[in-house]
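**Q** sequence plus the predicted model coming up.
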Amino acid sequence: MNLWAWLYGLRGVARGLSEAQAAPDPIEQFVRWFAAAKRARIYQPNAFSLSTCAEGRPSSRMLLLKGFDARGFVFFTNYESRKGRELAQNPVAAMLFFWSELHRQVRIEGALEKVSVEESTRYFHSRPRGSQLGAWASKQSSPLDRRETLMARERELEARNLGQEVPLPPFWGGFRLAPQRIEFWQGRPYRLHDRLVYEHIGTGWERQRLYP
Ligand SMILES: Cc1cc2nc3c(=O)[nH]c(=O)nc-3n(C[C@H](O)[C@H](O)[C@H](O)COP(=O)(O)O)c2cc1C
């Protein structure tokens, strides 16, 4: 039991999310809630579900957020994975953060673009060497006959790159989701929850409360 999270959670439920409290800018509001999730020592507060949709078939998977600012929310992956192929077909997606102990969820929707090769290279080289080789070894989302094949690929790559810097794979990098809509959901007693949704209209943000 994480006592910190439990206490923060109670406080959030009691206070709620009023228009007066919430930041006029949803990125600033995300900064506040993300910082609160970290302060509450939630395990992997940057974990989120990403939903993509191609040919009318939605699919979801968990990812880790690796950065965000006014331009959008960044994660890294294999561009040839299922999500990568779906985003190439239909470059829009929905992100969902759920901080259970805080009784909070954040829903973010928008269009995606690949980040620059420089940004991907910088992040790639900040990862442990094993993860860099792992990215090369994995044909993410393709069928794999048996685990030993993956391990043999990894050993071979290790031998080939011994003592050298591992280069950024051309099929690997970041995506940035530019938010069009962001909703902050705060759980409240008796299911009378608070929901504030921000829509990007023109050059600014419009805010609206929704029924729970
Ligand atoms: C908590 C968590 C975090 C994850 N983070 C990432 C990530 O940042 N990037 C990634 O490519 N896969 C990540 N994965 C694996 C994905 O959920 C998924 O299995 C993989 O990306 C393949 O998805 P796809 O076949 O839909 O492309 C993570 C899984 C979990 C459970």
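**A** Done, it's in.
**Q** residues of the worst-scoring helix or strand of the chain on mean pLDDT that come out buried?
**A** For the chain, counting by mean pLDDT, DSSP states H and E, helix 3-15 ranks last in confidence among helices and strands (a mean of 91). With burial defined by 16 or more other Cβ atoms under 10 Å, the residues of helix 3-15 counted as buried are 5, 8, 9, 12, 13. For every residue, glycine as well, the C-beta is placed using N, CA and C.
**Q** export that helix as PDB, just CAs?
**A** Presented in PDB, the C-alpha positions along helix 3-15 are these (Å, rounded to 0.1, in the frame of the first residue of the first chain):
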ATOM      1  CA  LEU A   3       0.500   5.700   1.800                       C
ATOM      2  CA  TRP A   4       1.600   8.800  -0.100                       C
ATOM      3  CA  ALA A   5      -0.600   8.000  -3.100                       C
ATOM      4  CA  TRP A   6      -3.500   7.100  -0.800                       C
ATOM      5  CA  LEU A   7      -3.200  10.500   1.000                       C
ATOM      6  CA  TYR A   8      -2.800  12.400  -2.200                       C
ATOM      7  CA  GLY A   9      -5.800  10.500  -3.700                       C
ATOM      8  CA  LEU A  10      -8.000  11.500  -0.700                       C
ATOM      9  CA  ARG A  11      -7.100  15.100  -1.000                       C
ATOM     10  CA  GLY A  12      -7.800  15.200  -4.800                       C
ATOM     11  CA  VAL A  13     -11.200  13.500  -4.300                       C
ATOM     12  CA  ALA A  14     -12.100  16.000  -1.600                       C
ATOM     13  CA  ARG A  15     -10.900  19.100  -3.500                       C
END
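**Q** what sits up against that helix?
**A** Contacts made with helix 3-15 from outside it, assessed by Cβ atoms under 8 Å, 6 or more residues apart in numbering, are listed as 21, 36, 39-42, 101-104, 186-189.
**Q** the same query, at a cut-off of 7 Å, please.
**A** Counting by Cβ atoms under 7 Å, 6 or more residues apart in numbering, helix 3-15 makes contact with 36, 39-42, 101-104, 186-189, all of which sit outside it.
**Q** what's the neighbour count on the spatially closest residue to residue 108 that is not a sequence neighbour?
**A** Nearest in space to residue 108, with sequence neighbours left out and distances taken as Cβ to Cβ, 6 or more residues apart in numbering, is residue 95 at 4.3 Å. Burial of residue 95, expressed as a neighbour count using other Cβ atoms under 10 Å, amounts to 20.
**Q** which helix or which strand is home to residue 95?
**A** Secondary structure assignment for residue 95, by DSSP states H and E: strand 92-99.
**Q** using the three-state scheme, assign residue 21.
**A** The three-state label for residue 21, taken from DSSP: H, G, I helix; E, B strand; the rest coil, comes out as coil.
**Q** ranges for the helices of this structure?
**A** Under the criterion DSSP state H, the chain contains helices at 3-15, 26-39, 82-89, 117-126, 129-137, 147-160.
**Q** pull the longest strand from this protein.
**A** For the chain, the strand reaching the highest residue count under DSSP state E is reported as strand 172-186.
**Q** and the angle from it to helix 82-89?
**A** Direction vectors for strand 172-186 and helix 82-89, defined by axes from the mean of the first three to the mean of the last three Cα atoms, to 10 degrees, enclose an angle of 90 degrees.
**Q** dihedrals phi and psi, the residue positioned nearest the centre of the chain?
**A** Here the mean C-alpha position of the chain is nearest to the C-alpha of residue 65 (Cα atoms, centre = their mean), at a distance of 3.7 Å. In terms of degrees, to the nearest 10, the main-chain angles of residue 65 are phi -80, psi 130.
**Q** good, wrapping up.
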